[in-house]
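Engineer: 3D model of this:
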Amino acid sequence: MAAKKKVKIRRSPAEVRKMWQKLEPQLAKERVERERQGQTFTSITREEFEAKLKRVHSPMIVSQGWNPTVPLDGTINYGVQVVSFDVWPWSNLALAVSIGNRNPIVSNDEFLTTFDARFPTYAQPAPNGFSPLTGLISLPFWFQIKIPPNVEKTGYFGNCVLQKISFLDRC
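Structural biologist: Prediction:
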């Protein structure tokens, strides 16, 4: 089977501005809702969005929210949202979450395999993933992350990655 050729899409500043104008109110609405519920909320900035569109042409994580304090043996409710502005559809995408005491990405292999093994790892949605609608922020994907009883009371980083599920080694 021949490898798929990657197509470079150049977006004009006007196109990027239009995409951001569509995304920004969706992020603002989500921020209000998450903060109303007492959650911490972070989202991509315009500068990060523009830089990402210059680097890659694929769906991206645009926001996340979580309850900021959890007792030992409690549960973190963590929500992630994705958007895609690609002209072609994506399918079989999944989010994977792990917990650790660091979050810089040195390499994809290390990012996906180095985590605090006292915490479970999580993936959604199963079994076939999801397909984002172009230009629309996804509904949040929620993860209920159980805090193990044997961890120290401190801060931990949640790491989330958006990936394409490759069935039978196909792209």
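Engineer: ok, now which ones touch residue 43?
Structural biologist: Under the criterion of Cβ atoms under 8 Å, 6 or more residues apart in numbering, the contact list for residue 43 reads 27, 30-31, 62-64. C-betas here are computed from N, CA, C, even on glycine.
Engineer: helices - which of the residues you listed land there?
Structural biologist: Among those, the members falling in helices (DSSP state H) are 27, 30-31.
Engineer: pLDDT and neighbour count added to the contacts of residue 43, as JSON lines?
Structural biologist: Supplementary listing: these in JSON lines, determined by pLDDT from 0 to 100; neighbours: other Cβ atoms under 10 Å:
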{"residue": "27", "pLDDT": "95", "neighbour count": "20"}
{"residue": "30", "pLDDT": "94", "neighbour count": "20"}
{"residue": "31", "pLDDT": "96", "neighbour count": "16"}
{"residue": "62", "pLDDT": "95", "neighbour count": "22"}
{"residue": "63", "pLDDT": "95", "neighbour count": "22"}
{"residue": "64", "pLDDT": "94", "neighbour count": "22"}
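Engineer: what residue is smack in the middle of this structure?
Structural biologist: residue 61 (3.6 Å; Cα atoms, centre = their mean).
Engineer: since that was my last question, I'll sign off now.
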